[in-house]
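1. Need a 3D model of the following:
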Amino acid sequence: MPQSNPRGTRIAHIGLAVTSIEGLLPLYRDVLGMPEVPLDDADGARIAGLAAGESLVELLESADPGSPIGKFIAKRGPGIHHVCFAVDDLDGSLERCRAAGIRLIDEVPRLGAEKKRIAFLHPASTGGVLVELMEY
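-> Residues are numbered from 1 along each chain as shown. Coordinates of the predicted model:
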């Protein structure tokens, strides 16, 4: 449901596929000073959240080799997995994507790791970048 006071699209988080959260957490938390934000695991991944201003960095470690993160790491190695944009109206955004011919991974929104409604756009339609849309 769109908010009556729209905030506009913003970067919600960047998802980083990692082989070991424990191996990288000290860099982000202790060296770079990014506070941890508790997040639930989702989609076969263990997730550690770190605050980066108003956005998050999600460290995504595969809990299952057949999960999306497991497959990503096996094929490409660790690195940037996706960028998530927060939108005021997810249903409206998905309709605009459909109208523009954007290929959707999620035809209907689902609940994500932050317990918010999400949907992914296919990288074939977004310049090779996996894009997640999340409703505020």
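
2. Pull up the pairing partners for the helix or strand bottoming out on mean pLDDT in the chain, direction included.
-> Of all the helices and strands that make up the chain, the one with the lowest confidence by mean pLDDT, DSSP states H and E is strand 110-111; it has a mean of 94. Applying DSSP bridges to the sheet, strand 110-111 is found paired with strand 117-121 (antiparallel).

3. avg pLDDT for the partner strand?
-> What strand 117-121 shows for mean pLDDT is 98.

4. and the helix or strand following it, average pLDDT?
-> Helices and strands here follow DSSP states H and E; after strand 117-121, the next one along the chain is strand 131-135. Mean per-residue pLDDT for strand 131-135: 97.

5. Number of residues surrounding the residue nearest to Val83 when sequence neighbours are not counted?
-> Take Val83 and drop its neighbours on the chain: the residue closest to it by Cβ to Cβ, 6 or more residues apart in numbering is Ile14, 5.6 Å away. Every C-beta, even on glycine, is put in place using the N, C-alpha and C of the backbone. Other residues near Ile14 come to 15 when the count uses other Cβ atoms under 10 Å.

6. quick one, strands of the protein?
-> Shown for the chain, the strands assigned by DSSP state E span residues 10-18, 36-37, 45-52, 55-62, 79-87, 110-111, 117-121, 131-135.

7. With distance to Ile102 as extra columns, can I get those in TSV?
-> Compiled in TSV, the strands of the chain are given as follows (distance: least, Cβ to Cβ, whole Å):
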stretch	distance to Ile102
strand 10-18	18
strand 36-37	29
strand 45-52	24
strand 55-62	23
strand 79-87	13
strand 110-111	17
strand 117-121	6
strand 131-135	9
